[in-house]
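Visitor: need coordinates for the following:
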Amino acid sequence: MAKTAGQLAVSAITLEAGSVLTVGGVLDSRTYLQLRNRIIEAALDVPRAVLVDVNALHVLASTAWSVFSSAQWHVRSWPGVPIMLVCADPGRRTTIARTGVTRFVPVHATIAAALRAPAGARRTRWQIRAKLPASLGSLRRARELVAEWLAAWSHVELIPVATVVVNVFIENVLQHTAGSPLLVLESDGATITIAVQDDSSQPAARHEDACRGGDLLAGLAIVASVCRAWGSTPIPSGKVVWAIIGPENQL
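Guide: Next comes the predicted model:
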């Protein structure tokens, strides 16, 4: 049966060793972002690894394989989850390797082989989430939740900086979108990640004020100055804006 351009199907199962995405249909310019963002979304659930079965995927141009290295680039800082491909055809694995994708995303013959591959040492993570209403009261509630969770995780020293960051993130959602923010707090024991998901696909970016230029200290400029790293990650339903805070970021 001939493949129709612009059609893609992704199914997912969760295993103890990772998340498995089975991809079918056509990968082209119309489905590139759809697949990339779906892989990123799976990684944000923080499995041990994301395995992508591409046996049923029809790729119209070899350059489209870069979708997998692009997804890995987006999650490299956070959540740092490895992405691996599964492809049974040895000739096709060679083709994938020739594109350079395997420098960042390894390809294996079977799911079992991918699961046996070392995915890198990863610390135990604690993660908690809360859906907040699209109202100004969420600013205070977000700060309260972050303080409660960090106290429970014995990170009281990071509460001041974490509440500054979460206030900026929630305020941006309320100002620039109509949806309800999803707050995610994560700890690996050494660092804290604060993430807020919204329904806007517009990437978060620092902007100068039209009248006052660089004199105005914008919210994301404050975030950049008080955290180890921050970023804006696309997902199918919008984006996630996140910041990583370490011991050096205490206020």
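Visitor: CA atoms for contacts and neighbours, from now on please.
Guide: Will do.
Visitor: low pLDDT regions in the stretch 151-251 of the chain?
Guide: Counting by pLDDT under 70, the ranges of the stretch 151-251 of the chain that qualify are 206-217.
Visitor: tell me which stretches of it form helices.
Guide: Here the stretch 151-251 of the chain has its helices, by DSSP state H, counting those that start in this stretch, at 159-176, 219-226.
Visitor: nearest to Ala190, out of these?
Guide: helix 159-176 (14.1 Å; C-alpha to C-alpha).
Visitor: for the closest residue in space to Gln127 that isn't next to it in sequence, list each beta-bridge partner.
Guide: Leaving aside its chain neighbours, Gln127 sits nearest to Glu186 (4.3 Å; criterion: C-alpha to C-alpha, 6 or more residues apart in numbering). Glu186 has these beta-bridge partners by DSSP bridges: Gln127, Thr193.
Visitor: if we can go back for a sec, can you say which of the helices of the stretch 151-251 of the chain is packed in most?
Guide: Most buried of the helices of the stretch 151-251 of the chain by mean neighbour count (mean count of other C-alpha atoms under 10 Å) is helix 159-176; its value is a mean of 20.
Visitor: ok, and what's touching that one?
Guide: 134-136, 138-140, 142-143, 146-147, 150-151, 179-181, 194-196, 198, 219-220, 222-223, 226, 241, 243, 245, 249-251 (C-alpha atoms under 8 Å, 6 or more residues apart in numbering).
Visitor: CA atoms only for it - export them in PDB, please.
Guide: Coordinates of each C-alpha in helix 159-176 appear next as PDB, following Å, rounded to 0.1, in the frame of the first residue of the first chain:
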ATOM      1  CA  ILE A 159      13.200  27.900  48.900                       C
ATOM      2  CA  PRO A 160      14.000  31.600  48.400                       C
ATOM      3  CA  VAL A 161      15.400  31.200  44.900                       C
ATOM      4  CA  ALA A 162      12.900  28.500  43.900                       C
ATOM      5  CA  THR A 163       9.900  30.800  44.800                       C
ATOM      6  CA  VAL A 164      11.400  33.600  42.700                       C
ATOM      7  CA  VAL A 165      11.600  31.300  39.700                       C
ATOM      8  CA  VAL A 166       8.200  29.800  40.000                       C
ATOM      9  CA  ASN A 167       6.600  33.200  40.500                       C
ATOM     10  CA  VAL A 168       8.100  34.300  37.200                       C
ATOM     11  CA  PHE A 169       7.000  31.200  35.400                       C
ATOM     12  CA  ILE A 170       3.400  31.200  36.600                       C
ATOM     13  CA  GLU A 171       3.100  35.000  36.000                       C
ATOM     14  CA  ASN A 172       4.200  34.500  32.400                       C
ATOM     15  CA  VAL A 173       1.600  31.800  31.900                       C
ATOM     16  CA  LEU A 174      -1.200  34.000  33.300                       C
ATOM     17  CA  GLN A 175      -0.100  37.000  31.300                       C
ATOM     18  CA  HIS A 176       0.500  35.300  27.900                       C
END
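Visitor: and the angle from that helix to helix 219-226?
Guide: 160 degrees (axes from the mean of the first three to the mean of the last three C-alpha atoms, to 10 degrees).
Visitor: check contacts around Trp73.
Guide: Contacts of Trp73 by C-alpha under 8 Å, 6+ apart: none found.
Visitor: for it, phi and psi?
Guide: Here is the backbone geometry of Trp73 (degrees, to the nearest 10): phi -60, psi -40.
Visitor: go ahead and confirm Ala42 touches Thr14.
Guide: No. Taking contacts as C-alpha atoms under 8 Å, Ala42 lies outside contact range of Thr14: 9.7 Å.
Visitor: tell me which of these two has more neighbours.
Guide: Ala42 (22 against 12; other C-alpha atoms under 10 Å).
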